[in-house]
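Enquirer: With the sequence up front, the predicted model follows.
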Amino acid sequence: MKRRYTYFPGCSILGTGRACEESTRAVFAELGVELDDLDDWNCCGATAYMSVDEHKALALAARNLALADTRECAELTTPCSGCYLVLNKTQRYMEEYPRVGDKVKCALKDAGLNYTGRVRVRHMLDILVHDIGLDEVRKHVKRPLKNAKIAPYYGCQTVRPYLDFDHQHYPMTIDRLAEALGATPTHFPLKTRCCGGSQMGTLPNVAQRLCYAILREARRQGANLILSVCPLCHFNLDSYQPDIKSRFGEDVSITTMYYTQLVGLAFGMDPETLGLHRNMTWDGSWLEREILAGAPA
Amino acid sequence: MTGFQKTAGNGRQGARGGEEIRIGFYVCHCGMNIASLVDVAAVAKEAAKLPNVVVSREYKYMCSDPGQEFIMQDIRENRLNRIVVAACSPNLHEATFRGAVARGGINPYLFQMVNIREHGSWVHTDAAAATQKAIDQVRAAVARVAKHRVLERRRMEVNPSVLVVGGGIAGITAALNLADAGKKVYLVEREPTIGGHMAKYDKTFPTLDCAACILTPKMSAVREHPNITLWTYSEVVKVDGHVGKFHVTVKRKPRYIDEETCVGCLECISACVFKAPKFEDEFNEGLGKRKPIYIPFPQAVPPLVTIDPETCLKFKTGKCKSPCETVCDRKAVDFTQTERFEEIDVGAVIVATGFKAFDVTRLPIYGYGLYDNVYTALEVERMVTSSGPTGGEITLRDGRVPKSIGIIHCVGSRDKKTNRWCSRVCCMYSLKLAHLLREHTGADVYQFYIDMRCPGKGYDEFYERMLDEGVQMIRGRAAEVTDWTMSPEEEGKLVVRVEDTLAAYVRRIPVDMVVLSTGMEPAAGAEEIRRMFNISCSTEGFFLEKHPKLAPVETATAGVFIAGCCQGPKDIPDTVGQAGAAAAQALALIDKGYVEMEPNTSYIDADDCSGCKSCIPLCPYKAIAFDEASKKAVINEALCTGCGTCVASCPSGSISQNLFEDDQIFSEIEEVLSHV
Amino acid sequence: MDTTTRHIKYQADCDPTFAPAIKSIPGCEKLDSCIQCGTCSGICPLSIYMDMPPRRIMNLVRYGFKREVMNSNTVWLCSACYACTVECPRQIKVTDVMYALKQMAIKERLYPKRFPMVVLANQFYKMVRHRGRMNEIHLVTRLYLLTNWLKLLEMARLGIELIRRGRFSVKPDNIERIGELHAILDYEKHYPEKEAPAK
């Protein structure tokens, strides 16, 4: 039975988040899931649009939901946690606040789009662990990652404020996924603490310190790998480790990966296919030494 | 005072037996409450024109003595035989006016009250429409009252015994008060011992009295009192009947110990095959361990041992030498015991089932269960008490003595995500725990609070004392408890992150131990108990009192009283106060000796009854029975409360209800609609 | 030399239209039930950089201290992580209040000039309106050119790394039916005025 989902890529996928999409498509294809790109999707608006005007922000995101409505498939998914939050919030606010929601619906109708709100917005981690299931994932594992000690980093947009597939304060989905891949998840108290998001571009001293805390704690808990589920979180944790070292005087270097990159590695896929060479903290020989040493080929 | 009087006139239309109906009508201004919107003069004028109305008056306060005098005088002077009063809600003054009517010399049920305040002036804004509505209501009532018949209240004897459900300080106080007054009391408690939560505390605020020292004499008094039958390890399972005559079934759970012969020497516990205690000790909040055969605490009342079949080897595997049985020289151990049921008759019931502490696993951000050294307030009470599982030593789960302690207020209180209400006692017991913890360990103690609520006698003074003792008060609701550290001083500790709103800084405070001041919730099983006794509850689940200010211990069900934390969070002084109040109310009921039942009961016309039995299962009070001999349904008037369900359901229309007869209701409807 | 300043606030300093205007924006209705417990500030990872923590902002909004709120950097430090919204014991959507304040600040131009977050929001807005999608490199370039172009030099290392790894996309991405998007975004123009803010 082939599973199908309508797929919303999001803007970061085309640029800095390229590896996230490469690994996502590779892994989900391996698991027999079809991802139908949403035709002519537009930017969800992220945090910026809601900072400017709430009508326009809802209208912008709602166009995507209305486009998804025309598809047969009832579920829309995205690899970006930020887009997941915005689409979810838009859907709820359209119903909870009819004063704004009805206007947006009229606007969409005027442009020829019918908004029904029937599409369910799902996070891809949720689909991987609950729809496909960890038993199925385990079947595809060819390289159990026995030496990987993983600090699972969910970030804020995945869990707050609308998390319907896990515990909001101490989620365990990535932890269980890591175990299914043969790795060991560590206790990680900062697993849902914000990394700074788009503040990294505007107030680097602030955002870098937030990432510093996360990286430092992951190392303190004994992890040799941080796994994240959001392209922006991954970018922040991955790209600024040298800056953080010089700013705060402490070496917090640790390998970071987008979660499907690790899943793909466990499935025996080639690192290039998974875009691992695009990660800043990628070190091919490290993989051999640290993660794959002693593991069956 | 203006009024219209008719002399002779059209009091011709008789109701039953050609009786001439003569109606007196009164409309109340209720100060400005009614008169500010409804034109009461116009109402009185219209009423005077209605058929059978002989007297029509308006007055400022009908419920006052002069107002009632008018009714009584008019009855005598004008030979009135029906009265209608248009005023406030019958809930308030129907009884008042019925009393006046009776004192005037006619049957009080030849009276009808019209609500033109709660149904009129208080809910409308259009004066003309409200006045017209009042006139319509009055016309209906005047037509109806002509069809009222004489009815008499029934008297039921009250059984002089009382059932007290719950053996905490509330139940104990109420039981002792009643027993001292010479009444027979059954005290039923579901735990193996009485004492409730108070038995777990070390010292009580603000006097720092030892809880056990003040409680145990009362517990002994209960045991010794000849008028109290104490049934512990027992639960109420069925309740039938009504005020004055409750028939209650109590399930006595098997202890597997003969209650008559056991003297509480505790030899059997020492002899148990488990050399060391292994199982979670409920009384000690899981901090200590117990054996399958145990006594909750040494001063338990009754001083009996109990065997837990869930953990005892004899029950789990069938194979045990049972040295407990052999070592007992009184032959008190009896593995063949089964649960027994006792049925009792009582006249009144006091429900004092207490509370349960908030389940802190619902607030994972405070780390209970995730981090070892996060404790609940009840756990700390057991630790701090010298007769507790640690002998009064405050040691963390890893054996260290804490040097810094954080006490977090409002855990599970004042929080829309968990419990919205304030649990009233937590600020005070947090201060008390701060004092005790400092006394035992010399640690630095931090209090994280939103407001400091110290309203009682000596409470604010206690707060000042804690300030003087150097307890650090941080006004800010603790945002999280985490083991994430950012500096060497935080290593190995739990960090509380909080905004100190008074100092205006966000602070990270590392502590060795975190204490969560948990709020109060309705007790486990409260839902089942209240359904059995027909007690309503408010949105939080606490039992609902009859009136929040004027009747805090009565319920909407006559004869059932509530006391203590089952009604809402409160401290020990207020609990004892309520228990005394409930005992007094129960005493008033019993000493009067009888209750008067309202006559608005239903009755069946046997000729019309077809024996279809539709009504029987519908009666919420089980007042209808099927008479096999006549093959007809029969209503037990004593149990009927006049809810009207059977009347509406009867397919053959053979059930009617006093005071709500068909002709009475139809006449009202016709008159209300007549001007439409 | 006397450098002391007087800080008292008179009632005339309060703007009575401020709170109703904020409360009329979706999500901000329950602003009044704040009990100032400080949980939002306590859990916020960025509150330690704000000149006024979120809790104080809630109070100042409630009582009309518009100028003080708009002069603070609080809303521009908020990363919308929703921790405050989730933890608030009164279930006030604090994040939405922050968004509402950002919207008001941008509409009424009450923000510090060249404050980076404002520039980012405005540029993002324009770019998406123009093309329907956002290009990170374009956005970041514009951001630094408009705020502090020296930053571009600082970012050079990162830029080179991104180019090396194929993550540096300069080709702007456009959606096909941009006219449809414009029609939807501009719809408000045909609508009557927004209702008066709730009292």
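Expert: Looks like it arrived, so ask away.
Enquirer: Work out for me the element B:M113 sits within.
Expert: Element membership for B:M113, per DSSP states H and E: strand B:111-115.
Enquirer: Which elements pack onto that strand?
Expert: strand B:82-87, helix B:90-104, helix B:127-145 (3 or more Cβ pairs under 8 Å, 6 or more residues apart in numbering or on different chains; DSSP states H and E). Placement of C-beta: from N, CA and C, glycine included.
Enquirer: quick one: which of the ones you listed is nearest chain C?
Expert: helix B:127-145 (26.8 Å; Cβ to the nearest Cβ).
Enquirer: quick revisit: so which of the helices and strands packed on strand B:111-115 is the most packed in?
Expert: strand B:82-87 (a mean of 28; mean count of other Cβ atoms under 10 Å in any protein chain shown).
Enquirer: Neighbours of the residue of the stretch 451-600 of chain B found nearest chain C, how many?
Expert: Ranked by Cβ to the nearest Cβ, the top residue of the stretch 451-600 of chain B for proximity to chain C is B:A479, at 2.9 Å. Other residues near B:A479 come to 26 when the count uses other Cβ atoms under 10 Å in any protein chain shown.
Enquirer: For the nearest residue to it once chain neighbours are set aside, identify the helix or strand it belongs to.
Expert: Leaving aside its chain neighbours, B:A479 sits nearest to C:G42 (2.9 Å; criterion: Cβ to Cβ, 6 or more residues apart in numbering or on different chains). In this assignment (DSSP H and E), C:G42 forms part of helix C:39-43.
Enquirer: Tell me the first helix or strand C-terminal of that helix.
Expert: Counting by DSSP H and E, what follows helix C:39-43 is helix C:54-62.
Enquirer: Can you spell out which helices and strands pack onto that following helix?
Expert: Against helix C:54-62 (3+ Cβ pairs under 8 Å, 6+ apart) you get helix C:18-23, helix C:39-43, helix C:66-71, helix C:74-77, helix C:94-107.
Enquirer: Report the buried residues of the first one.
Expert: If you call a residue buried by 16 or more other Cβ atoms under 10 Å in any protein chain shown, then helix C:18-23 has these buried ones: C:F18, C:A19, C:A21, C:I22, C:K23.
Enquirer: Next: the third one.
Expert: By neighbour count on 16+ other Cβ under 10 Å, the buried set for helix C:66-71 is C:K66, C:E68, C:V69, C:M70.
Enquirer: close enough to count as contact, the first one and C:D15?
Expert: Yes. The pair C:K66 / C:D15 is scored as a contact, 4.4 Å apart, by Cβ atoms under 8 Å.
Enquirer: Endpoint to endpoint, stretch B:309-318 covers what distance?
Expert: 11 Å (Cα to Cα, to the nearest Å).
Enquirer: any idea how far that stretch is from the chain center?
Expert: Averaging C-alpha positions (Cα atoms, centre = their mean, to the nearest Å) puts stretch B:309-318 38 Å from its chain's average.
Enquirer: Chain A versus the residue lying closest to B:L433 once chain neighbours are set aside, what's the distance?
Expert: Using Cβ to Cβ, 6+ apart and skipping residues adjacent in sequence, the residue nearest B:L433 is B:V380, 5.7 Å away. B:V380 sits 24 Å away from chain A when distances are taken as Cβ to the nearest Cβ, to the nearest Å.
Enquirer: Going by secondary structure, B:V380 is in what exactly?
Expert: helix B:377-384.
Enquirer: Could you do C:R129 as well?
Expert: Residue-wise, C:R129 maps onto helix C:116-131 under DSSP H and E.
Enquirer: For chain A, tell me whether that helix is touching it.
Expert: Yes. For helix C:116-131, a contact with chain A is found by Cβ under 8 Å from any Cβ of the partner chain, at C:P116, C:M117, C:V119, C:L120, C:A121, C:N122, C:F124, C:Y125, C:V128.
Enquirer: Present those as a markdown table; the columns should include neighbour count.
Expert: Below are the residues of helix C:116-131 next to chain A laid out as a markdown table (neighbours: other Cβ atoms under 10 Å in any protein chain shown):
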| residue | neighbour count |
| --- | --- |
| C:P116 | 20 |
| C:M117 | 26 |
| C:V119 | 19 |
| C:L120 | 24 |
| C:A121 | 26 |
| C:N122 | 18 |
| C:F124 | 24 |
| C:Y125 | 21 |
| C:V128 | 26 |
